[in-house]
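Asker: I would like to see how this sequence folds:
(2 chains)
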Amino acid sequence: MRYYLDLVEYLTKSKSSLIPLTPLVKGVRGIVNRRPNYSNRISYHQIYFFSLLLLTLIACDPEKGAKYREQQAANQAVEVNSDEEYVMVTTAVNMPLYVNHDQAAFKKWGQRRGVKTSILGPSEWDVQAQIATIEQVVGTRPTGLLINGTDPAIASAINKAVEAGIPTVVYDSDIPQSQRHAFLGTDWYEMGRLQGEAMAKLINGKGKVACMGILGMTNMEAGFQGLQDVLAEYPDIEFIGKYDDKANVEEAARITSDLISANPDLAGVCGFDSNSGPGIGLAIKEAGKMGKIKVTTVDWEPEHLKLVQEGVIDLLVGQKRELFTWYGAQFLFDMVHQTNRLSSDDQAAGITNVPYHVNTGLLTITPENVDQFID
Amino acid sequence: MNRASILQGLQDRVVTLTLTIVVMFVVCSLIWPTKFPTFDNISLVLLNLSIESIVAVGMMLLLISGMFDLSVGSVVAFAGSITAYLMYYYGMYTPVAILVGLGLSAVIGLVNGLLVAKVGINPLIQTLAMMGIVRGLALMIAGAGIQNLPEDFNAIGQTKILGIQSPVWFMLIIVAVFSILVARTVFFRQFYYIGGNEKAANLSGIRVDRVKIIGFVIISALAGIAGILLASRLGAALATSGRGMELRVITAVILGGASLLGGQGKIVGALLGTLFMGLVSNIMILARVSGYWQEIILGLILIVAVAIDIILKKRAGTTPKKYVQQATSIASPKQVEA
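Answerer: Below is the predicted model of the structure:
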């Protein structure tokens, strides 16, 4: 019995222990000393100590201990104040694409870091209301601002946040004319080019191609331009126009079936918003043109992946949306806490200690690799 | 003041809304003493509602005569886009471009008015069709948006007078001018007569068609002013701006005391309605409540406001059933009390 107690005491004193057991051991040693004669019988105390020993041994698992120490060290390096509040301002705040990817990652980040996260913005696609929200949020002095770069017109609101001394990161599409501290996202022009090149390959460089998305939105217009620039390099491809599906599945389906009836020889359709793909797919299935009309589109929601599996969509261009907001928030955190400090006080010195421009890259999903993206 | 006169006062939405706004202001000042009642926050709230308030003044005037216009949001985008387009691509002088933008907006109103008054198309159908046409035009003109507008143009919406940005002053002037016009001139009183009973107004010698056409021209011109101010404030013309504005403006105006039946409402009610909605939106942001709750809450507030109306009107002799019947018979010929 004594032996076990000594062992337990020894183990609990070791630095890797999770549970402060020393007082317990002392107390129990007193009981054991009072009743030495019970040592030849298995008592409740013994059972208790065996289990305690086992527990301590588990607690002292070297690998676990190491991990814990590492975590502790990381937490000690930056003092996190739970009052810190990181605010994301977007527009169309309940769009499934945003909720499932951007916002989910941002919330998860906040939980891991132990800081507050808030998500604000109008429920409609309303840039003016997003600007109004940013300006009003600035007045409430959040710790950091993560802004969805929806339109160049939000530049002056971003500048107000920066001038108020709030770390400000833009994600998704860049607002280069603003004074934002950092940007993480993708280049929409590249997304258009990627679709154009894939489409040209799919239709062997000839035929009629149309595209759809939200007309008038800066990032999508850049995407349309990228697509058109690539298609223009192929003399046998006829670009028949860009159409406004208003990010609406029914509208995208209607446009596609109109295009099919107006152009029986339609070779391909490209989509640029998250509802283009499901809409185009629906119309093509209804018209029985699966495989005959090639489809490339953006985003990789479950319905998109299903359409790829069914052979309706030939290529998906996906953004790594989770990375925008996770690392965007981390950039804000690193600015606030001066992780990787470059001067004695970076904010005072006017230095930004995070990367200025990050391209989070694109991923392409085809029938060949689609299974890897389905849980 | 006795109970009867208090009750009578409470039937005026301007009075109840003002009281509500004052209460909201006091409560929020207590909850967020450092964030809410600051000069910066309040001037920002006013700035953000200024554009919609200017349109709301026109909507109030139209609703007084029993009509409404759904194309205003598109006109806001169109006016900003065409003005920016002329300046950016044709180097047109700022004042000339603004006049062209305003003129074309007024023409849209004239077309709406002529087709509604002379041809007899229902205002709902006419302005719904116009909403699509004008949005399409704005998209064609501005595409992905026009940035880098001339400095003198941007100055119009970005200048500060007494620390408050100019759109707020434009809004206050427009509300004041129209309040005086509606309260003091015979011509604008005609809107009430038409809204009250169109047939009677016609029989009593009011040129109903002409008044209707002018009503549509005024709201489109005001939407034009709003659109140009918005483009100037943002330093960019967006083809997507003003989306959904028509419904927000109609909500604000109904909150401000207008009725879909026509015949009632005050111009200052339009400002109070947008002010109320602007404050609700500001409070949501301070309380960190996200966007869709805002719409749910505004919807609930609208229902409550109309319900209170029904209760107050019931005391004045209108049964709830009659009220609902009247309120839902927008498209049918008017059989409302004069």
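
Asker: the strands in the stretch 201-350 of chain A, which residues?
Answerer: In the stretch 201-350 of chain A, the segments counted as strands under DSSP state E, counting those that start in this stretch are A:207-213, A:237-244, A:266-271, A:294-298, A:315-319.

Asker: Throw the ones you listed into TSV and include mean pLDDT, thanks.
Answerer: TSV is the format used below for the strands of the stretch 201-350 of chain A (pLDDT from 0 to 100):
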stretch	mean pLDDT
strand A:207-213	94
strand A:237-244	92
strand A:266-271	94
strand A:294-298	95
strand A:315-319	93
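
Asker: residues from the stretch 151-300 of chain B in reach of chain A?
Answerer: Residues of the stretch 151-300 of chain B lying near chain A by C-beta under 8 Å from any C-beta of the partner chain: B:230, B:234-236, B:238-244, B:281-282, B:285-286, B:288, B:290-292, B:294-295. Where you see a C-beta, it was placed from the backbone N, CA and C, and this is true even at glycine.

Asker: let's go with 10 Å and repeat that
Answerer: Residues of the stretch 151-300 of chain B lying close to chain A by C-beta under 10 Å from any C-beta of the partner chain are B:154, B:158, B:230-231, B:233-245, B:248, B:278, B:281-282, B:284-296.

Asker: what residue lies at the spatial centre of the chain?
Answerer: By default, I'm working from chain A. Nearest to the centroid of the C-alpha atoms of chain A, with distances taken as C-alpha atoms, centre = their mean, sits residue A:322, at 1.1 Å.

Asker: wait, I meant chain B there
Answerer: Central residue of chain B (C-alpha atoms, centre = their mean): residue B:56, at 1.1 Å.

Asker: ok, it touching residue B:171?
Answerer: Yes. Contact criterion C-beta atoms under 10 Å: residue B:56 and residue B:171 qualify, at 9.4 Å.

Asker: coming back round to it: leaving out the residues flanking it, which one is nearest to the residue nearest to the centre of chain B?
Answerer: Once flanking residues are discounted, residue B:56 sits nearest to residue B:270: 3.9 Å by C-beta to C-beta, 6 or more residues apart in numbering or on different chains.

Asker: any idea whether the one you found is helix, strand or coil?
Answerer: The local conformation at residue B:270, judged by DSSP: H, G, I helix; E, B strand; the rest coil, is helix.

Asker: My guess is the residue nearest to the centre of chain A contacts residue A:105. True?
Answerer: Yes. Counting by C-beta under 10 Å, residue A:322 does reach residue A:105; the two are 4.0 Å apart.

Asker: wait, what's in contact with the residue nearest to the centre of chain B?
Answerer: Each residue near residue B:56 by C-beta atoms under 10 Å, 6 or more residues apart in numbering or on different chains is listed here: B:49, B:63, B:72, B:171, B:174-175, B:219, B:222, B:226, B:245, B:248-253, B:255-256, B:258, B:267, B:269-275, B:277.

Asker: what about the helices in the stretch 51-200 of chain B?
Answerer: Using DSSP state H, counting those that start in this stretch, the helices assigned to the stretch 51-200 of chain B run over residues B:72-90, B:94-114, B:123-142, B:151-158, B:166-184, B:186-196, B:198-203.

Asker: As a markdown table, the ones you listed with mean pLDDT and mean neighbour count would be great.
Answerer: Shown next, in a markdown table, are the helices of the stretch 51-200 of chain B (pLDDT from 0 to 100; neighbours: other C-beta atoms under 10 Å in any protein chain shown):
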| stretch | mean pLDDT | mean neighbour count |
| --- | --- | --- |
| helix B:72-90 | 93 | 27 |
| helix B:94-114 | 94 | 20 |
| helix B:123-142 | 91 | 20 |
| helix B:151-158 | 90 | 16 |
| helix B:166-184 | 93 | 17 |
| helix B:186-196 | 86 | 19 |
| helix B:198-203 | 83 | 15 |
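
Asker: Please name the spatially closest residue to whichever residue of the stretch 1-150 of chain B sits closest to chain A (chain neighbours excluded).
Answerer: Nearest residue of the stretch 1-150 of chain B to chain A (C-beta to the nearest C-beta) works out as residue B:144 at 3.4 Å. Excluding the flanking residues, the one nearest residue B:144 by C-beta to C-beta, 6+ apart is residue A:221, at 3.4 Å.
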